[in-house]
Structure formats: structure tokens, C-alpha cells
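1. Kindly return the folded structure for what I paste below:
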Amino acid sequence: MARDHFNLEGRVALVAGASRGIGEAIAKRLAEYGATVLVTSRKLEGCEVVAQAIRAAGGRAEALACHIGDLAQIERTFQHVDATYGRLDILVNNAAANPFYGHILDTPVAAFEKTIEINLRGYFYMSVEAGKRMRVQGKGSIVNVASANGITPGDKQAVYSMTKAAILNMTQAFANECGQWNIRVNALVPGVTKTRFAQALHDDESFLGPARARTPLNRSAEPAEMAGAVLYLCSDAASYTTGTFVTVDGGYLA
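-> Model prediction:
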């Protein structure tokens with residue numbers, strides 16, 4: 001029988017921002033292929049709903065509250081990983097903030113700082129903590145969920161776009177420096193996706209109409225359509241894939 005390169009049995013995965021949307025879809029897909037998944041987000045209740053759904057489908061999952069804008073919570077989360085599982089094979093950084101949708105000149109300082117705190121500092125220190133554990137193991141996979149806005153800035157989304165561009169550079173930096181320990185670091189680049197997080201975009205026809213017209217597939221994505229690319233990046237099928245960006249945008253950037 002041919003080896004199943006997508007089999008994640010025996011691996012522990014932490015998915016940040018997994019209580020809904022793209023993160024939820026990724027957590028469920030990784031569990032479907034055998035991983036034990038830590039479903040994390042700011043609010044435990046939403047995480048538990050996703051974890052329960054995974055367990056009901058025969059998978060293994062635990063819900064854990066972790067606000068990645070709080071470095072103390074990041075530290076506690078990885079202490080829990082150490083105590084409970086003794087290893088971490090997969091990290092998916094998906095938690096994000098985009099508190100301001102408006103003209104760049106009107107950006108509030110508080111919104112700027114929150115976006116940087118979550119989207120950049122949070123991703124960085126989650127990756128640092130995961131990488132330290134993967135270094136000891138001699139293997140691991142980190143996937144950062146970026147955005148097409150990281151390549152082409154989104155209108156009225158300046159700071160969010162800036163952080164997503166930084167995430168792409170950060171992905172390559174970690175890949176360059178951590179490859180010696182067989183730690184692979186890649187990024188998912190989604191296009192416009194139907195999530196509650198992106199509701200402001202879907203409510204703004206002045207944005208959505210042109211975006212849809214620019215997209216060859218002529219529609220927004222469903223969250224589940226992002227999960228397959230992440231499964232690939234986390235699996236042995238991608239054993240020689242690192243420092244790269246997988247774009248899933250319906251052709252928007254083309």
C-alpha cells in the first residue's frame with residue numbers, strides 16, 4: 001500500500017484563532033487527518049464548540065483560551081502543551097485583528113497598536129515558542145495565515161495590509177534560520193473569504209463588487225477552501241517546502 005503522506009497521526013497541532021472561520025476549518029481538517037488539535041482563541045466558549053465538533057466526528061481536540069496579544073497567555077499556553085503533550089509538531093498562526101476599516105489618514109493610534117500587537121508581535125512570539133520545542137524534536141511545521149492584502153494593500157485596510165506583508169517576510173526569516181533543525185515555515189495567502197472577521201468587506205459593495213470582478217473565479221472563498229493548502233503544508237507531502245507562500249485567492253492576484 002502506498003504511504004499516505006497526508007497522515008498526521010501522532011502529531012500535535014496548535015491552531016490559533018480557531019474558534020470560527022478559516023481557523024475552525026483548518027483545525028477540523030487537521031483533526032480529520034489524525035492530528036490531536038489544540039483549538040485556541042481569546043474566548044474559550046467558541047473554542048470548545050469547535051473541539052466538541054471534532055471529537056463528535058471521531059477526532060482528538062482540546063479547547064484552550066489564548067489571546068496572542070498577551071505574552072503571558074502565550075507562555076501559559078506553551079507550558080500547557082509541554083505538560084500535557086510533551087511535544088508540538090504543528091503551529092498554525094491564524095488569529096488576527098483588523099479593528100479599523102477606513103481611510104489611512106484617519107487611523108486611530110489604538111487601532112494601529114492593536115493590529116501590530118496581534119498580527120505581528122503575536123505571530124512572532126507564537127512562532128518563537130513553537131520553534132524552540134520543534135528545535136529539540138528536530139522537526140516541525142509552522143504555517144502563518146497571511147492575506148492577499150500583504151501583496152497588494154487592501155483599500156481602507158492599510159495597517160492590516162502592512163502587518164500581513166510583514167508576516168510574509170517573517171515567514172521567510174524563520175524558514176531561513178530554522179531550516180537547520182528541519183523546521184519548515186510557510187504562509188497561506190487567502191483571498192477574500194466569507195468569514196465573520198471579513199464581514200465589513202462583504203457589507204461594503206464598493207469593495208466587494210470590484211474585488212469579485214477582479215477575481216477570475218468571480219466569488220469569495222469559503223473557509224473550508226483554505227484548509228487543504230494548510231494540510232499540505234503541515235504534512236510530509238510538503239517535506240521539501242519551506243519559506244514559500246501558497247496563494248488561495250481564486251486568481252485575485254493574477
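
2. Hmm, residue 67 is touching residue 44, no?
-> No: proximity of residue 67 to residue 44 does not meet the contact threshold set by Cβ atoms under 8 Å, at 10.8 Å. C-beta: built from backbone N, CA, C; applies to glycine.

3. Please enumerate the shared neighbours of those two.
-> Residues touching both residue 67 and residue 44 (Cβ atoms under 8 Å, 6 or more residues apart in numbering): none.

4. Alpha carbons only: can I get the helix or strand hosting residue 112 in PDB?
-> Using DSSP states H and E, residue 112 maps to helix 109-116. Presented in PDB, the C-alpha positions along helix 109-116 are these (Å, rounded to 0.1, in the frame of the first residue of the first chain):
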ATOM      1  CA  VAL A 109      -3.400  55.100  17.300                       C
ATOM      2  CA  ALA A 110      -5.200  52.400  19.400                       C
ATOM      3  CA  ALA A 111      -6.300  50.500  16.300                       C
ATOM      4  CA  PHE A 112      -2.800  50.700  14.900                       C
ATOM      5  CA  GLU A 113      -1.200  49.400  18.100                       C
ATOM      6  CA  LYS A 114      -3.800  46.600  18.500                       C
ATOM      7  CA  THR A 115      -3.300  45.400  14.900                       C
ATOM      8  CA  ILE A 116       0.500  45.300  15.300                       C
END
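
5. Which of the residues in that helix are classified as buried?
-> Under the neighbour-count criterion of 16 or more other Cβ atoms under 10 Å, helix 109-116 has 111, 112, 114, 115, 116 buried.

6. With neighbour numbers in mind, choose between residue 67 and residue 44.
-> The neighbour comparison of residue 67 against residue 44 (other Cβ atoms under 10 Å) goes to residue 67, with 19 against 16.

7. any idea how far the more buried one lies from residue 230?
-> The gap separating residue 67 from residue 230 is 22 Å, by Cβ to Cβ, to the nearest Å.

8. Show me where the stretch 51-200 of the chain has its helices.
-> Ranges of helices in the stretch 51-200 of the chain, per DSSP state H, counting those that start in this stretch, are 71-84, 109-116, 123-137, 158-178, 199-203.

9. any chance you could map the strands in the stretch 1-150 of the chain?
-> Assigned by DSSP state E, counting those that start in this stretch, the stretch 1-150 of the chain shows strands spanning 12-16, 36-41, 60-65, 90-93, 140-145.

10. Rebuild the ones you listed as CSV, extending it with distance to residue 105, mean neighbour count and mean pLDDT.
-> CSV is the format used below for the strands of the stretch 1-150 of the chain (distance: least, Cβ to Cβ, whole Å; neighbours: other Cβ atoms under 10 Å; pLDDT from 0 to 100):
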stretch, distance to residue 105, mean neighbour count, mean pLDDT
strand 12-16, 31, 28, 98
strand 36-41, 32, 28, 98
strand 60-65, 36, 20, 98
strand 90-93, 30, 28, 98
strand 140-145, 28, 26, 98
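
11. Out of those, which gets nearest to residue 252?
-> For residue 252, the closest of these is strand 140-145, at 15.9 Å, according to Cβ to Cβ.

12. Adjacent strands (with direction) for that closest one?
-> Taking DSSP bridges as the criterion, strand 140-145 forms sheet pairs with strand 90-93 (parallel), strand 183-190 (parallel).
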